[in-house]
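Visitor: show me the folded form of this:
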Amino acid sequence: MANNITARFGIGPMSSETIEAVYRFSNFNRKQVMLIASKNQIDHSGGYVNGWTTEEYVDFTKSLNNKYNNSDVLLCRDHCGPGFNGEYVLKDTYQTIEVDIKNGFDLIHIDFCHHKGTNDEKLEESKKAIEFCKKLNEDILIEIGTDENLGDNFAFNSLSDIEKEIDYFTSFCNPDFFVVQTGSWVMEINQAGNFNEDFSREVSSLIHSKGLKFKEHNADYLTSKEIAKRKGIADAMNIAPQYGVIQTGIILNKCLAYGIDYSPWAELVYKGNKWKKWLKDSTPDDKFLCVNIAGHYHFNSDEYRNIYDQISKHEDIKEVLIESLMEVIEHYENS
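Guide: Predicted coordinates for the structure are as follows:
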């Protein structure tokens, strides 16, 4: 069992401020935290977070590790598989693995749910990818399983199907985390799902009996009560969009407070259409909501940097963001 992993939370590196908040929290609280980079965010060919390649991202984390030398942060790859960045060629997935391991990543989540093939073919290709990981670094930590956002009315897999899949993977490797849907579902700027506690408890017992840890994805926007429900069930939870939404909200509020025109950035975000995948009950006419949902996809734009610089003339906005984002981590940690 992955006893060396003590982290209870995986945080999406939505911005440089989010990343620093993770290191600062880990440093001051002596807690291990996971940074879970998706292929869209950071990859061998770049991503929407600062336009960083994997190497540039790791260089930044190294600088923070030096700044916060008591921090314990695991660099993790989230959803490593075809289709997550619109690229279905397996070569791209293997490039991600190779560059991640070369740059010292600690964990890779192998997720072939979007691979174009039968379920057996998806499992077979997953096995090949894991074996490739282990060939490059036998100590690399492995996470398996998918959390496709199917809504809160999806049919849960049977325990027997889950057990078969776990047994398949444990027959040739020792995974650290296994991901199973719990009912959590992030839409707009809310937790739109319903946690199925009874099912999750049964799954947790099964996963633990196999010597693995249970990871829940889509755990954004949870109340203290909802977080407490997961204790003893989920060993770790992933939270990502919430951090981007919080940063966007702070930036917009500061613009309003100081009379800064944010309309060029808002227009860029709206025309980018990244908000479409997150809409549930609202309509595209609610442009302010759409900008809140998708602002983080455009932090690496001249329009954003312009308003950021204008806010910085009034206050230390970087520090405000880091401290505010840290509060969310503390909310999850202390609930």
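
Visitor: number of nearby residues for residue 110?
Guide: Neighbours of residue 110 under the rule other Cβ atoms under 10 Å: 26. Using the backbone N, CA and C atoms, a C-beta is placed for each residue, glycine as well.

Visitor: typo on my end, residue 48
Guide: Residue 48 has 21 nearby residues by other Cβ under 10 Å.

Visitor: pLDDT value on it, please?
Guide: Reported pLDDT at residue 48 in the predicted model: 98.

Visitor: please report how far it lies from residue 186.
Guide: 17 Å (Cβ to Cβ, to the nearest Å).

Visitor: doesn't residue 10 fall inside a strand?
Guide: Yes - judged by DSSP: H, G, I helix; E, B strand; the rest coil, residue 10 forms part of a strand.

Visitor: report the beta-bridge partners for it.
Guide: residue 34, residue 238 (DSSP bridges).

Visitor: wait, what's in contact with it?
Guide: By Cβ atoms under 8 Å, 6 or more residues apart in numbering, the residues touching residue 10 are 33, 34, 35, 36, 76, 78, 215, 236, 237, 238, 239.

Visitor: now, which of the residues you listed sits nearest residue 52?
Guide: Closest approach to residue 52 among these (Cβ to Cβ): residue 35, at 12.5 Å.

Visitor: distance check, the residue nearest to the closest one when sequence neighbours are not counted against residue 43.
Guide: Distance criterion Cβ to Cβ, 6 or more residues apart in numbering; nearest residue to residue 35, sequence neighbours excluded, is residue 13 at 5.2 Å. From residue 13 across to residue 43, the span is 12 Å (Cβ to Cβ).

Visitor: over to residue 280?
Guide: 28 Å.

Visitor: buried stuff in whichever helix or strand residue 126 is part of?
Guide: When elements are assigned from DSSP states H and E, residue 126 belongs to helix 119-136. Neighbour counts over helix 119-136 (16 or more other Cβ atoms under 10 Å) mark 122, 123, 125, 126, 127, 129, 130, 132, 133, 134 as buried.

Visitor: one more: stretch 207-219?
Guide: Here stretch 207-219 shows 207, 210, 212, 213, 214, 215, 216, 217, 218, 219 as buried, counting by 16+ other Cβ under 10 Å.

Visitor: same check on stretch 183-195?
Guide: In stretch 183-195, counting by 16+ other Cβ under 10 Å, buried: 183, 184, 185, 186, 187, 188, 189, 191, 192, 193, 195.

Visitor: is the first one located within a strand, as I assumed?
Guide: No - residue state for residue 183 (three-state DSSP) corresponds to coil; a strand is not indicated.

Visitor: nearest residue to it in space, please, no chain neighbours.
Guide: In space, and not counting its chain neighbours, residue 183 is closest to residue 196: 4.3 Å by Cβ to Cβ, 6+ apart.

Visitor: and the one you found, how many residues sit next to it?
Guide: For residue 196, using other Cβ under 10 Å, the count is 16.

Visitor: my guess is it meets residue 182, correct?
Guide: Yes - using Cβ atoms under 8 Å, residue 196 is in contact with residue 182, at 6.1 Å.

Visitor: and residue 88, how far from residue 117?
Guide: 11 Å.

Visitor: for the protein, which strand is longest?
Guide: Ranked by residue count under DSSP state E, the longest strand found in the chain is strand 72-80.

Visitor: nearest residue to residue 197 in space, ignoring adjacent ones along the chain?
Guide: That would be residue 229: by Cβ to Cβ, 6+ apart, it lies 5.9 Å from residue 197.

Visitor: ok, residue 210 next?
Guide: residue 166 (5.1 Å).

Visitor: so the one you found, which state does it fall into?
Guide: helix.

Visitor: relative to residue 311, how far out is the residue of the chain most remote from its centre?
Guide: Residue farthest from the centre of the chain, counting by Cα atoms, centre = their mean, is residue 259 at 33.3 Å. The gap separating residue 259 from residue 311 is 11 Å, by Cβ to Cβ.

Visitor: swap in residue 34?
Guide: Taking Cβ to Cβ, one finds residue 34 at 30 Å from residue 311.

Visitor: between those two, which is the more surrounded one?
Guide: The neighbour count for residue 34 versus residue 311, taken as other Cβ under 10 Å, is higher for residue 34 (26 against 23).

Visitor: contacts only, for the more buried one.
Guide: 7, 9, 10, 11, 73, 74, 76, 107, 236.

Visitor: kindly provide the distance from it to residue 238.
Guide: 8 Å.

Visitor: what do those two both touch?
Guide: With contacts defined as Cβ under 8 Å, 6+ apart, the residues shared by residue 34 and residue 238 are 9, 10, 11.

Visitor: for these, which one is nearest residue 177?
Guide: So of those, ranked by how close each gets to residue 177 (Cβ to Cβ), first place is residue 10, at 9.2 Å.

Visitor: noted, bye for now.
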